[in-house]
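Chemist: Predicted structure and sequence below. I'll ask about it afterward.
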Amino acid sequence: MANINQFLRDNLTSVSKKNMQVAPGIDEKKINNAVKSFCYSGSPGSIIALFDNTLFGSGKDGLLFTGEQLIYRASFSEPITINYVDISSVEHVEISPAGKKDKIIHSVEILLKEREKITIKDLLECDYAELARVINQAITDFDEYVEEQQLISIDEMDEEVKLAYMKVIINMAIENDNVIDDKEFAEILLLMTRLDLDSESRFSLRAYMTSAEQKTPLSELMEIINNKCPEGQVKSLHISLAKDLINLWFNTGGEVLANFTFLQENRHLIIVSDAEIDLVVMAIRNDQNMLKDDVSDDQIKTALKELSAKAAAVGTPLAAVYLSGSVIGMSAAGMTSGLATLGFGGMLGLSSMATGIGVAVLIGVGAYAGMRKLTGANELTRFKRRELMLNEVIKQTQTTISLLIQNINYISQKLNGLLSSQGVQDAQIKRLMALMGQMTGAGSVLTGKSNSAQSSVSKLRCARFLDERKLHSLTREATKSELFTFIRDHYEERHFTQKKDDKDEDVIKLVVKNGLSNKEIENLANAFEAVGYFNMGDVLKGTAADVAGKAKDKLTGLFS
């Protein structure tokens, strides 16, 4: 049987089309309200679904589901936590009140193994029979109950999964016409960048591409993907893989999907429905439209709304399509931030799309290219937001070129070593190798300068001296709390001397740690943007919340 988290994600929507929100599509504000109201102590990213039983959609009452427990909070009542492992039986109850035979009162009665009975009732627009069925199946069909992140981008997954994923793409490119041409190679390199493969993995893939006769069978690669990917992520990974395969096929002249032999012959291994393939194709076309000169922000927003509606109709999280980022070159983090600039920060529901902060999207929004929080459509021109999204495409492409130069340099060194070991003395070969060494060496220097400049730009978006109290006030909400730890862990205490009353005084300040990589600094900068560290409105709001919280604590102490 499938993972409990996957089972609940697939089945809970049948309980209520209107009031049940399933990860990764749960509204961030509702999550924050629910975490507090339901007294949930786990990670917000582990919440599978929320049944909102409030009239105004606050998310403070109803049902909250995770991989281990169900929490029920009736109006004006304390939350009741029910662990699946403690449930003995579940029953859908129908009662006709005396004198009202035409009226039926529904409820779900949960009997715990300790014989305590809990009655779930008074839910708005709820299919109680379905609710009882889902809970009953959860306790009878599963032996293991674990809480886990509901969506993880592929660049955050195990290296073995990423390698198998890339090899499937390479297999398709080879089988298509027995050769990896320039376009295919370029797309493969871009995808390798988006997945953030380490240098050893990149080298092994280069070797894999040159040994077509020794390629790993697709069945073995899919077995690795299915068994090694994070629990409950198999379906999303298959959808993402279908997207990247179809995109590569389109880029090499493919048009009618019925003629895409590799995909059609392997549908038993790459398990996606026809409706999900239609969604994938629609997403690819939408992404490609972003590069067209005459496409405005409003047109992109309209297309994204249609794409979101299509995903809802298919019953597939839109985020699953973007597990590897966008086909035009944006990473998963870049896609999320780009959507935020368009006012769709929560569209992908990427608040749970990270095991840590590998991509700075824990709150499902994020500023972009130095932007502060957007406050209105008139602040940017019709094409400005699109321009900001394309900056991510440029950055990803530049990174890929840098990696390509590293690859060439690596091969050059290997070739030099091989020629030396074989005692080759040909003068012309030596001159050519020297020339290649010069070019790759210069490329490495230029790449280093580019990386240094990019690192400096990113550092400008980080606090020079971290104000820990200010950061705490900005990360009080549940969906932002992990960002406090992430940012703080990148800073260390150092001693400084400053003048005070004409005297030197030793002070300790928090500064960015030395030796951070470009990616780490970029993620740190994104985290500062995400919490609104430099945004006056967010700072004032956070400070006010902090003061209000302290005042409440003092009042509570007076009357306790």
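Modeler: Nice, I can see it. Quick caveat, the model's predicted, so the values are computed rather than measured.

Chemist: Show me where the stretch 201-350 of the chain dips below the pLDDT cut-off.
Modeler: 212, 291-294, 297, 328-350 (pLDDT under 70).

Chemist: quick one: the helices in it?
Modeler: Along the stretch 201-350 of the chain, the segments classed as helices by DSSP state H, counting those that start in this stretch run 218-228, 234-251, 261-265, 274-289, 297-314, 318-321, 332-341.

Chemist: Am I right that Asn171 is in contact with Glu220?
Modeler: No: between Asn171 and Glu220 there is no contact under Cβ atoms under 8 Å: 10.6 Å. Yep, even glycine has a C-beta here, placed from its N, CA and C like the rest.

Chemist: between the two, what contacts are shared?
Modeler: Residues touching both Asn171 and Glu220 by Cβ atoms under 8 Å, 6 or more residues apart in numbering: none at all.

Chemist: Just want to know which of the two has more residues nearby.
Modeler: Set Asn171 next to Glu220 and count neighbours by other Cβ atoms under 10 Å: Asn171 wins out with 20 against 11.

Chemist: Now do the closest residue to Thr316 other than its chain neighbours: how many residues are near it, please.
Modeler: In space, and not counting its chain neighbours, Thr316 is closest to Glu276: 5.6 Å by Cβ to Cβ, 6 or more residues apart in numbering. Neighbourhood size, Glu276 [other Cβ under 10 Å]: 21.

Chemist: Glu276 is in contact with Ile239, isn't it?
Modeler: Yes: in this structure, Glu276 is within contact of Ile239 by Cβ under 8 Å, at 5.6 Å.

Chemist: got any residues that touch both of these two?
Modeler: With Cβ under 8 Å, 6+ apart, Glu276 and Ile239 have common neighbours Thr316.

Chemist: Just say which of the helices of the stretch 201-350 of the chain is most tucked in.
Modeler: Burial of the helices of the stretch 201-350 of the chain is given as mean neighbour count (mean count of other Cβ atoms under 10 Å); helix 332-341 ranks first at a mean of 28.

Chemist: Please name the nearest non-neighbouring residue to Leu197.
Modeler: Lys162 (5.7 Å).

Chemist: where does Val108 land in three-state SS?
Modeler: Secondary structure, DSSP: H, G, I helix; E, B strand; the rest coil: Val108 is strand.

Chemist: Enumerate every residue touching it.
Modeler: Val108 neighbours (Cβ under 8 Å, 6+ apart): 90-93, 119-121, 128, 131-132, 135.

Chemist: Can you report how many residues neighbour Thr54?
Modeler: Thr54: 16 neighbours (other Cβ under 10 Å).

Chemist: Need the pLDDT of the nearest residue to it once chain neighbours are set aside.
Modeler: Spatially, and ignoring its direct neighbours in sequence, Thr54 is nearest to Asp61 (5.2 Å; Cβ to Cβ, 6+ apart). Asp61 carries a pLDDT value of 96.

Chemist: list the contacts for Asp61?
Modeler: Contact partners of Asp61, counting by Cβ under 8 Å, 6+ apart, are 37, 52-54, 73-75.

Chemist: 6 Å - rerun?
Modeler: Neighbouring residues of Asp61 by Cβ atoms under 6 Å, 6 or more residues apart in numbering: 53-54, 73, 75.

Chemist: Distance check, it against Lys117.
Modeler: To Lys117, Asp61 is 21 Å away according to Cβ to Cβ, to the nearest Å.

Chemist: With Arg133 instead?
Modeler: For Arg133, the distance to Lys117 - Cβ to Cβ - is 19 Å.

Chemist: same question, Leu205
Modeler: 57 Å.

Chemist: domains for this protein, by residue range?
Modeler: 4-140, 154-390, 425-460, 468-559 (automatic domain parsing).

Chemist: what's the closest of those to Val146?
Modeler: With Cβ to Cβ as the criterion, Val146 lies closest to domain 4-140 of these, at 5.0 Å.

Chemist: circling back: can you tell me how far the residue nearest to Thr54 sits from Pro79?
Modeler: 9 Å.

Chemist: Same check on Pro44?
Modeler: 16 Å.

Chemist: Compare neighbour counts for these two and give me the winner.
Modeler: Pro44 (25 against 15).

Chemist: about what we covered before: please report how far the residue nearest to Leu197 lies from Arg267.
Modeler: For Lys162, the distance to Arg267 equals 23 Å [Cβ to Cβ].

Chemist: Between these two, which is the more surrounded one?
Modeler: Comparing Lys162 with Arg267 by other Cβ under 10 Å, the one with more neighbours is Lys162, at 25 against 13.

Chemist: Test my guess that that one contacts Leu195.
Modeler: Yes: counting by Cβ atoms under 6 Å, Leu195 is a contact partner of Lys162 at 5.0 Å.

Chemist: Would you check how far apart the nearest residue to Ala283 once chain neighbours are set aside and Lys228 are?
Modeler: With Cβ to Cβ, 6+ apart as the criterion, Ala283 has its nearest non-adjacent residue at 4.7 Å, and that residue is Val321. Going from Val321 to Lys228 by Cβ to Cβ gives 21 Å.

Chemist: for Ala525, same thing?
Modeler: When Ala525 is compared with Lys228 (using Cβ to Cβ), they lie 31 Å apart.

Chemist: try Gly62
Modeler: Where Lys228 is concerned, Gly62 sits at a distance of 36 Å (Cβ to Cβ).

Chemist: helix, strand or coil for Gln150?
Modeler: Gln150 - assigned by three-state DSSP - is coil.

Chemist: and if you look at Tyr533?
Modeler: Tyr533 ends up coil, using three-state DSSP.

Chemist: on that earlier part again, what touches both of Asp61 and Pro79?
Modeler: Joint contacts of Asp61 and Pro79 (Cβ under 6 Å, 6+ apart) are Arg73.

Chemist: The protein: strands as residue ranges?
Modeler: Using DSSP state E, the strands found in the chain span residues 20-22, 49-52, 62-65, 69-73, 80-83, 87-95, 105-112, 117-121, 491-500, 503-512.

Chemist: could I get these as JSON lines with distance to Lys414?
Modeler: Formatted as JSON lines, the strands of the chain follow (distance: least, Cβ to Cβ, whole Å):
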{"stretch": "strand 20-22", "distance to Lys414": "50"}
{"stretch": "strand 49-52", "distance to Lys414": "52"}
{"stretch": "strand 62-65", "distance to Lys414": "53"}
{"stretch": "strand 69-73", "distance to Lys414": "54"}
{"stretch": "strand 80-83", "distance to Lys414": "56"}
{"stretch": "strand 87-95", "distance to Lys414": "60"}
{"stretch": "strand 105-112", "distance to Lys414": "64"}
{"stretch": "strand 117-121", "distance to Lys414": "65"}
{"stretch": "strand 491-500", "distance to Lys414": "39"}
{"stretch": "strand 503-512", "distance to Lys414": "36"}
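
Chemist: quick one, helices of the stretch 401-550 of the chain?
Modeler: Using DSSP H, counting those that start in this stretch, helices in the stretch 401-550 of the chain cover 427-460, 468-474, 481-489, 518-531, 536-559.

Chemist: counting contacts, what elements does the third one pack onto?
Modeler: So the one you mean is helix 481-489. Where contact means 3 or more Cβ pairs under 6 Å, 6 or more residues apart in numbering; DSSP states H and E, helix 481-489 is packed against helix 518-531.
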